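Asks: whatever this is, show me its structure:
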Amino acid sequence: MDAAEFRKRGKEMVDYVADYLEKIEKRQVFPDVEPGYLRPLIAQCAPQDPESFEDVFKDIEKIIMPGVTHWHSPYFFAYFPAASSFPALLADMLCGGIGCVGFSWAASPACTELETVMLDWLGKMVNLPEEFLAGKDGKGGGVIQGSASEATLIALLAARTKTIRQVQSEKPELTEAEIMGRLVAYASDQAHSSVERAALIGAVKIKNVPSDDTFSVCGSALKKVLDEDKAAGLIPFFFCATLGTTPCCSFDKLLELGPICNKENIWMHIDAAYAGSAFICPEFRHLLNGVEFADSFNFNPHKWLLVNFDCSAMWVKKRSDLIGAFKLEPLYLQHHHQESGLVTDYRHIRLSHQFEHLVLQDERFEICAKVVLGLVCFRLKGSNELNEALLKSINGAKKIHLVPCHLREKFVLRFAICSRTVESTHIEFAWQHISQLATDLLKTWVQNHHQQ
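Replies: Next up is the predicted model:
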């Protein structure tokens with residue numbers, strides 16, 4: 001493809017994407033396909049001779065779209081949102097066009113400098129303490145990761161390196177392996193599975209700290225576990241606090257946890273993957289109080305801030321802790337500048353309260369966790385089997401898409417406001433649909449259980 005054809009095809013692709021997004025609500029949100037659907041639709045091997053662009057383009061509707069879950073549909077209420085917008089799509093195009101790899105300052109100075117300044121901007125927007133910003137000569141600063149999982153792993157590895165060095169300076173007789181065997185990381189029993197995975201990759205033990213009846217971790221729960229482990233000769237070194245947990249959007253109590261971590265010399269990382277964007281709003285900023293005690297903080301602009309996946313923003317108080325843990329300088333990466341260092345759609349929140357209100361008006365249903373941001377956890381009053389059956393009929397009808405979670409022993413449905421284009425009418429439709437399916441289900445459920 002030469003530049004002339006690229007100009008033509010590029011304009012066609014822009015039209016196709018614009019049409020796709022403008023008409024997305026007419027597409028079925030979740031696909032009707034079985035695993036392996038795609039293989040028979042394409043050749044066994046890559047073609048020997050090139051196909052025309054027209055033929056390749058036709059395959060989008062013929063082969064790809066039948067298997068797409070439409071994350072930007074206003075009927076997508078599953079997981080958490082994925083952000084997107086026309087400016088972000090254009091920016092992706094420019095990034096792809098320039099196509100540089102910014103692994104060091106010299107590899108592309110604008111990459112590093114823009115990232116540093118943008119993350120200072122974003123840090124100021126959520127009112128992060130000055131220590132987390134790079135500024136002209138600050139010790140902190142931000143860096144873009146691919147995901148919150150990656151940010152947690154990097155924070156854990158940096159904390160591990162820092163602790164090993166510290167313990168070795170105090171007890172030189174201990175080998176690195178002996179110290180590693182005694183290290184323990186901690187997170188809420190509601191924390192995302194990626195925290196446990198980070199500990200697996202980091203080859204350290206991890207323990208769940210029990211959450212309270214609002215699904216939050218408080219200081220006394222952490223202290224109890226720490227005291228037990230220290231008495232057993234273990235070395236607590238890392239705690240991941242979650243602001244906006246994946247199951248129900250609960251918030252760990254930073255103001256209680258932070259001072260404990262500081263006193264015990266434990267690295268506190270804050271995972272605010274979903275909720276972090278909300279802290280830009282003054283009325284939600286109090287949820288971040290206590291961040292001043294943290295060593296690192298992360299949230300995902302790619303969930304709410306209209307930038308495409310993947311853009312996970314991470315800040316550290318001391319970037320030397322991060323650089324120190326991963327510093328390798330082969331000759332080809334050394335250069336003269338060695339010290340290179342390194343508007344959300346808040347209708348979502350109003351719409352979640354609209355949905356919560358609809359649920360509460362129906363005495364068959366219950367709300368299972370406090371609604372703070374754009375997530376509503378709800379269920380039919382009754383057994384887990386009943387709620388599993390309801391979810392199955394909702395996702396089976398394919399008009400809207402939801403995913404569940406477990407809160408303690410309860411099977412719960414999660415209704416997350418995701419799409420940028422979702423409106424009050426979509427919420428109304430979703431509730432009417434859920435309500436009708438519940439009515440149908442309860443009729444058959446009662447009959448079946450009477451027969452038994």
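
Asks: where exactly do the helices run in the stretch 101-250 of the chain?
Replies: 109-125, 148-170, 176-182, 193-201, 219-231 (DSSP state H, counting those that start in this stretch).

Asks: deepest-packed of the ones you listed, please.
Replies: helix 148-170 (a mean of 20; mean count of other CB atoms under 10 Å). C-betas here are computed from N, CA, C, even on glycine.

Asks: what angle separates it from helix 193-201?
Replies: 40 degrees (axes from the mean of the first three to the mean of the last three CA atoms, to 10 degrees).

Asks: touching, G202 and A158? I think so.
Replies: No: at 10.2 Å, G202 and A158 do not qualify as touching, with contact defined as CB atoms under 8 Å.

Asks: quick one: which of the helices of the stretch 101-250 of the chain is nearest H401?
Replies: helix 193-201 (20.8 Å; CB to CB).

Asks: contact partners of the closest one?
Replies: Helix 193-201 has contacts (CB atoms under 8 Å, 6 or more residues apart in numbering) with 147-149, 152-153, 156, 185, 187, 205-206, 240, 271.

Asks: cool, and stretch 430-440?
Replies: 75, 77, 355, 358-359, 362, 364-365, 380, 390, 393-394, 397, 399-400, 415.

Asks: so which two of the residues you listed are the farthest from each other?
Replies: Checking those with CB to CB, the most distant pair is Y75 and R364, at 22.3 Å.

Asks: these two: who's more crowded?
Replies: Y75 (23 against 13; other CB atoms under 10 Å).

Asks: and that one, how far from L133?
Replies: 40 Å (CB to CB, to the nearest Å).

Asks: and if you look at L157?
Replies: Separation of L157 from L133 (CB to CB): 23 Å.

Asks: what does M268 give?
Replies: For M268 relative to L133 (CB to CB), the value is 18 Å.

Asks: show me which of those two is the more surrounded one.
Replies: M268 (26 against 21).

Asks: run through the bridge partners of that one.
Replies: F239 (DSSP bridges).

Asks: what score does it have for pLDDT?
Replies: Looking at M268, its pLDDT stands at 96.

Asks: so what's it up against?
Replies: Here M268 is in contact with 239, 241, 257-258, 261-262, 293-296 (CB under 8 Å, 6+ apart).

Asks: next step: these restricted to strands.
Replies: 239, 241, 296 (DSSP state E).

Asks: quick check: closest non-adjacent residue to W71.
Replies: Leaving aside its chain neighbours, W71 sits nearest to A82 (4.9 Å; criterion: CB to CB, 6 or more residues apart in numbering).

Asks: please, which helix or strand holds that neighbour?
Replies: For A82, there is no host helix or strand (DSSP states H and E).

Asks: and it, how many neighbours does it have?
Replies: 18.

Asks: just to revisit the earlier point, please check the contacts of M268 and keep the buried ones.
Replies: 239, 241, 257-258, 261, 293-296 (16 or more other CB atoms under 10 Å).

Asks: check those residues and tell me the two furthest apart.
Replies: Taking CB to CB, the two most distant members of these are L257 and S296; they sit 14.1 Å apart.

Asks: related to what we said a few turns ago, between the helices of the stretch 101-250 of the chain, which one is closest to P301.
Replies: From these, taking CB to CB, the stretch that ends up closest is helix 109-125, at 7.1 Å.

Asks: what mean pLDDT does that closest one get?
Replies: Mean predicted confidence for helix 109-125 is 91.

Asks: same deal with stretch 251-264?
Replies: pLDDT averaged over stretch 251-264 gives 95.

Asks: ok, stretch 315-325 next?
Replies: On average, stretch 315-325 scores 82.

Asks: which other residues reach it?
Replies: 119, 123, 128, 131-134, 139-143, 154-155, 157-162, 294-298, 341-342.

Asks: which non-adjacent residue is nearest I280?
Replies: Closest to I280 by CB to CB, 6+ apart is M125, at 4.9 Å.

Asks: got the contact list for the residue sitting nearest the centre point of the chain?
Replies: Of all residues in the chain, the one closest to the mean position by CA atoms, centre = their mean is A273, 4.3 Å from it. For A273, the contact set (CB under 8 Å, 6+ apart) comprises 80, 148, 192, 244, 298-300, 303, 312.

Asks: can we see that at 6 Å?
Replies: 148, 299-300 (CB atoms under 6 Å, 6 or more residues apart in numbering).

Asks: can you say which helix or strand has it in it?
Replies: Using DSSP H and E, no helix or strand contains A273.

Asks: what kind of secondary structure is the residue lying closest to L288 once chain neighbours are set aside in?
Replies: Excluding its sequence neighbours, the residue lying closest to L288 (CB to CB, 6+ apart) is F279, at 4.7 Å. Under DSSP: H, G, I helix; E, B strand; the rest coil, the three-state class of F279 is helix.
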